[in-house]
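Engineer: Just a sequence and a predicted model for now, questions to come.
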Amino acid sequence: MLTILFAACLVLLAALPAWLTFRNLPLFQPLAPLLESDRAPAVSVLIPARNEAAGIEEAITRVLESRGVRIELLVMDDHSADQTASLVAQRASEDSRVRLLLAPELPAGWNGKQHACWHLAQAAQFEFLLFVDADVRLATDAIARLVARLQGSDVSLLSGFPHQETETWLEKLLIPMMHFVLLGYLPLDQMRANTQPGFGAGCGQLFLARRQDYFDSGGHRGIQSSRHDGLKLPRAFRAAGFKTDVCNAEDIARVRMYASAAAVVQGLLKNATEGIANDRLIGPFTVLLAGGSVLPILSLPHAIQHGWNSIAVALLALATLLSFLPRALIALRLGQSWLGVVLQPLAVAVFLGIQWWAFLRAKLGREAVAWRGRNA
């Protein structure tokens with residue numbers, strides 16, 4: 001009886017993300033095509049840049065090629081040690097829509113990116129604020145389509161999830177976990193129906209905000225110490241009573257988040273304590289993720305080998321099939337690598353290992369993981 005109960009629990013844990021992913025995917029649609037309009041909305045495109053010389057020119061070029069909108073492009077050089085500032089200055093001398101700003105000294109208690117974004121917003125002139133990471137590449141109609149989506153809603157902050165380019169095996173394994181956690185554990189219909197901060201989610205690579213609502217919510221100043229604006233900025237908006245939303249930006253933006261396996265681990269460690277690796281969430285999410293994605297495939301051969309009750313074996317087989325379903329559905333819809341699908345149990349185990357590593361580091365008082373040469 002205990003074996004049947006154990007197997008039934010794993011079925012439930014595996015069925016939860018499978019069911020939510022099935023429900024969420026139709027709600028996580030690409031943006032509507034761009035329609036010609038007589039009025040081009042005015043958008044301030046804001047890029048915080050620290051040591052981005054390798055790609056900042058391409059980022060600028062893509063933004064300047066935008067159609068259907070009137071733009072200004074503000075790039076803030078955040079004390080780069082490379083040629084970022086001079087490259088942006090050259091583009092600014094060639095196109096009046098581009099402005100180079102130099103970040104003030106980082107005050108105590110501030111994260112570098114949030115500090116740069118807050119100052120960029122204060123310098124912006126237009127009605128809409130588009131925060132874009134320097135490694136994101138936008139399609140020519142991206143900004144106009146994002147603005148159209150925002151204008152057609154009562155949302156104050158819209159986050160797009162770009163297409164994630166992955167090359168190393170660890171990228172293919174772990175980067176799609178952002179979609180698995182988003183679509184497998186956050187009911188998008190409920191998120192859109194309320195402003196509760198706990199439903200806040202987003203991707204820090206691409207945020208579009210209504211200017212007045214941004215400042216009324218406190219903007220990046222309200223999350224000044226955070227390293228995880230993807231979660232914290234939507235929650236700040238919601239805490240101020242504003243609605244936030246997410247969208248599938250696969251066809252309008254692309255990015256390679258991390259350029260190596262080591263960078264993947266470092267990046268996940270950087271954000272972990274503000275995500276899952278904290279006292280409140282590490283336990284529940286370990287149960288949800290391990291029970292739904294790791295234990296079924298580990299338990300099934302053990303059950304067969306030790307002659308468990310046939311009902312228990314059948315339930316474990318069902319749980320194992322369900323554990324692969326969410327990642328498979330997401331890969332089909334978003335064109336992600338099937339390596340990550342096949343190795344989903346390993347992906348979840350490694351992801352959880354990183355979360356526990358970050359959790360224990362914090363408990364032991366270890367210094368925050370350095371990112372781009374600094375710990376803030």
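Structural biologist: Yes, it's here.
Engineer: tell me the helices in the stretch 151-300 of the chain, going along the chain?
Structural biologist: 169-174, 177-185, 188-193, 211-217, 229-239, 261-272, 282-289, 295-305 (DSSP state H, counting those that start in this stretch).
Engineer: Including distance to H163, mean neighbour count and mean pLDDT, could the ones you listed go into CSV?
Structural biologist: C-beta here means a position set from N, CA and C on the backbone, and glycine is covered the same way. Converted to CSV, the helices of the stretch 151-300 of the chain look like this (distance: least, CB to CB, whole Å; neighbours: other CB atoms under 10 Å; pLDDT from 0 to 100):
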stretch, distance to H163, mean neighbour count, mean pLDDT
helix 169-174, 13, 21, 94
helix 177-185, 11, 22, 97
helix 188-193, 19, 15, 97
helix 211-217, 26, 18, 98
helix 229-239, 16, 24, 97
helix 261-272, 17, 18, 87
helix 282-289, 24, 17, 96
helix 295-305, 29, 17, 95
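Engineer: Now render those as TSV, adding distance to G55.
Structural biologist: Shown next, in TSV, are the helices of the stretch 151-300 of the chain (distance: least, CB to CB, whole Å):
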stretch	distance to G55
helix 169-174	17
helix 177-185	21
helix 188-193	32
helix 211-217	26
helix 229-239	20
helix 261-272	15
helix 282-289	33
helix 295-305	39
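Engineer: Could you check the pLDDT of the residue lying farthest from the centre of the chain?
Structural biologist: Relative to the centre of the chain, and counting by CA atoms, centre = their mean, the farthest-placed residue is G307 at 43.6 Å. G307 carries a pLDDT value of 85.
Engineer: So it, which state does it fall into?
Structural biologist: Classification of G307 by DSSP: H, G, I helix; E, B strand; the rest coil places it in coil.
Engineer: follow-up on the earlier one: show me the one of the helices of the stretch 151-300 of the chain that comes nearest E250.
Structural biologist: helix 177-185 (10.1 Å; CB to CB).
Engineer: quick one: contacts of the closest one?
Structural biologist: 16-18, 20-21, 24-25, 28, 161, 164, 201, 203, 246, 288, 326-327, 330, 334, 336, 347-348, 351 (CB atoms under 8 Å, 6 or more residues apart in numbering).
Engineer: One more: stretch 279-293?
Structural biologist: By CB under 8 Å, 6+ apart, stretch 279-293 touches 9-10, 13-17, 185, 275-276, 319, 322-323, 344-345, 347-349, 351-352, 355-356, 359.
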